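Participant: My questions are about this predicted structure, shown below with the sequence.
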Amino acid sequence: VQLQASGGGLVQPGGSLRLSCAASGFTLDNYAIAWFRQAPGKEREGVSCISRSDGSTYYADSVKGRFTCSRDNAKNTAFLQMDSLYFDDTAVYYCAAGRKESWYPAAYSYWGQGTQVTVSS
């Protein structure tokens, strides 16, 4: 059972990145998916999540209108499209899977290894 996060990198302010979270060993469609991020010296914070039941999506105020969470069940993969990136978006981004959507990390059973996103000019 594994989640593999990828797609991070270095981007200029205003740029875009698309993160992927590929699941293996279980069916991602049966789980709520969340994206968290953690910047140096800060606590891990929820960025976005998508429910298991009806695919509803939720976003932190800081990313609303700029980030889009989605899933492709055929590929067993979730995505986080990040547009209009700011310096403050710099962090390690983690995907997670759990039985129910939540902003609390403890609600998620499976975690990806994290992918670094750096916004810099």
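Facilitator: The structure has been received and is ready for your questions. Predicted model, so just to flag it, every value in this text is computed and none were measured.
Participant: and the nearest residue to Tyr93 once chain neighbours are set aside, what does it touch?
Facilitator: In space, and not counting its chain neighbours, Tyr93 is closest to Arg37: 4.8 Å by C-beta to C-beta, 6 or more residues apart in numbering. C-beta coordinates here come from the backbone N, C-alpha and C atoms, glycine included. Each residue near Arg37 by C-beta atoms under 8 Å, 6 or more residues apart in numbering is listed here: Arg44, Glu45, Val47, Asp89, Ala91, Val92, Tyr93, Tyr94, Val117.
Participant: For the chain, which segments are assigned as helices?
Facilitator: Listed in chain order, the chain contains no helices at all (DSSP state H).
Participant: which ones are touching the residue nearest the centre of the chain?
Facilitator: In the chain, the residue lying closest to the centroid (C-alpha atoms, centre = their mean) is Trp35, at 2.6 Å. Trp35 sits next to 19, 21, 46-49, 67, 69, 80, 93-96 when contact means C-beta under 8 Å, 6+ apart.
Participant: Just name the closest of those residues to Thr57, please.
Facilitator: Cys69 (5.1 Å; C-beta to C-beta).
Participant: That closest one touches Phe79, doesn't it?
Facilitator: Yes. Between Cys69 and Phe79 there is a contact under C-beta atoms under 8 Å: 7.2 Å.
Participant: In terms of packing, which of the two has more residues around it?
Facilitator: Neighbours per residue, other C-beta atoms under 10 Å: of Cys69 and Phe79, the larger number sits with Cys69, 24 against 21.
Participant: how close does that one sit to Ser121?
Facilitator: 27 Å (C-beta to C-beta, to the nearest Å).
Participant: on that earlier part again, make CSV out of the contacts of Arg37 and add neighbour count.
Facilitator: Listed next are those as CSV, based on neighbours: other C-beta atoms under 10 Å:
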residue, neighbour count
Arg44, 14
Glu45, 14
Val47, 25
Asp89, 22
Ala91, 22
Val92, 18
Tyr93, 23
Tyr94, 23
Val117, 22
